[in-house]
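Colleague: no sequence for this one, just the structure:
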């Protein structure tokens, strides 16, 4: 048990150092295409943070005197009787008749204390090893985060089933198919329009959906937006985000793992933007930048209304 917790702490410490190094590399790099390589490094790091954990083959806890927590049991409980001796051993004769038995002389050291005296002299309690308590705390944190993410996902799915509708606008469908053909996608996510969204988004692991807001961009801005989301789909960025969340759940006690989730999302967006603008001219870059600014403005306006 202690060895497992030591390995877990060492792995989390090494992962935290890797997070700091990748973050520093991202801030020092002046080339946008470096985000693509950082995304690959993030994926490898998340796999290393999750796969080596032998959750289903934990060692049997062993109580050690150096790591025990003592809990006092109420005085009403009694100590179980002394187990019988091994075969071949003789139980010492108790002193009777004033300290003599069978004509033998009594000695103070030969007297066996009674059960009541043992209860009065030694406190009764139960020992809980600290590694077991730490393991239970670690598993509880994982369960809380996984339940939290699952509940949020189920609520979002219920909201989509109620409000999302398929896109039937000919211009949007044509732009969607054109972007899919440009990226050579044989399988494509379902294109839906959902009120309440402020920006397009890709969601779903097994059944991915490309969600558009009720009043989305038009013209070239729409083409760039669809290129961006379909690039996320081609690169399986939804799975990468899910893997980062899983690594964060396993190492929830490490603050750097929470920071890693934000950096993964940032680098995925940066790499996707670079892929979209790679074959675009200056005019396309201007339109794309204006689209991003409009999206940020919509998000800021919505946040200010909530406040």
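Modeller: Received it, and whenever you're ready, just let me know what you need. Please read all numbers here as calculations on a predicted model, not as lab measurements. Numbering: from 1, shown residues only.

Colleague: Mind pulling up the pLDDT for residue 79?
Modeller: What the model reports for residue 79 is a pLDDT of 50.

Colleague: Tell me if I'm right that residue 220 and residue 287 touch.
Modeller: Yes. In terms of C-beta atoms under 8 Å, residue 220 counts as a neighbour of residue 287; the distance is 5.1 Å. Every residue, glycine included, has its C-beta placed from N, CA and C.

Colleague: Surely residue 265 is in a helix?
Modeller: Yes. Under DSSP: H, G, I helix; E, B strand; the rest coil, residue 265 sits within a helix.

Colleague: Listing request: residues of the stretch 51-200 of the chain with sub-threshold pLDDT.
Modeller: Low-confidence segments of the stretch 51-200 of the chain (pLDDT under 70): 52-128.

Colleague: hmm, try it at 90
Modeller: Scanning the stretch 51-200 of the chain with the threshold set as pLDDT under 90 gives 51-135, 157, 159-164, 168-169, 194-200.

Colleague: Mind naming the longest helix for the protein?
Modeller: Ranked by residue count, the top helix of the chain under DSSP state H comes out as helix 130-163.

Colleague: Mind listing what's buried along that helix?
Modeller: For helix 130-163, a neighbour-count test (16 or more other C-beta atoms under 10 Å) marks 131, 132, 134, 135, 138, 142, 145, 160 as buried.

Colleague: cool, stretch 258-265 as well?
Modeller: By 16+ other C-beta under 10 Å, the buried positions in stretch 258-265 come out as 260, 261, 263, 264.

Colleague: quick check, nearest of the buried residues of helix 130-163 to residue 228?
Modeller: Closest approach to residue 228 among the buried residues of helix 130-163 (C-beta to C-beta): residue 160, at 20.3 Å.

Colleague: Contacts only, for the closest one.
Modeller: 192, 194, 209, 211 (C-beta atoms under 8 Å, 6 or more residues apart in numbering).

Colleague: Before we move on, what's the pLDDT of the third one?
Modeller: The score at residue 209 is 92. That number is its pLDDT.

Colleague: distance of it from residue 226?
Modeller: To residue 226, residue 209 is 13 Å away according to C-beta to C-beta, to the nearest Å.

Colleague: ok, these two, which is more surrounded?
Modeller: Comparing residue 209 with residue 226 by neighbour count (other C-beta atoms under 10 Å), the higher total belongs to residue 226, at 26 against 17.

Colleague: which residues does the more buried one contact?
Modeller: So, once contact is read as C-beta under 8 Å, 6+ apart, residue 226 ends up touching 175, 176, 179, 200, 210.

Colleague: So for it, what's the pLDDT?
Modeller: At residue 226, pLDDT is 91.

Colleague: Burial check on the residue lying closest to it once chain neighbours are set aside, number of neighbours?
Modeller: Distance criterion C-beta to C-beta, 6 or more residues apart in numbering; nearest residue to residue 226, sequence neighbours excluded, is residue 179 at 4.3 Å. The number of residues packed near residue 179 is 22, by other C-beta under 10 Å.
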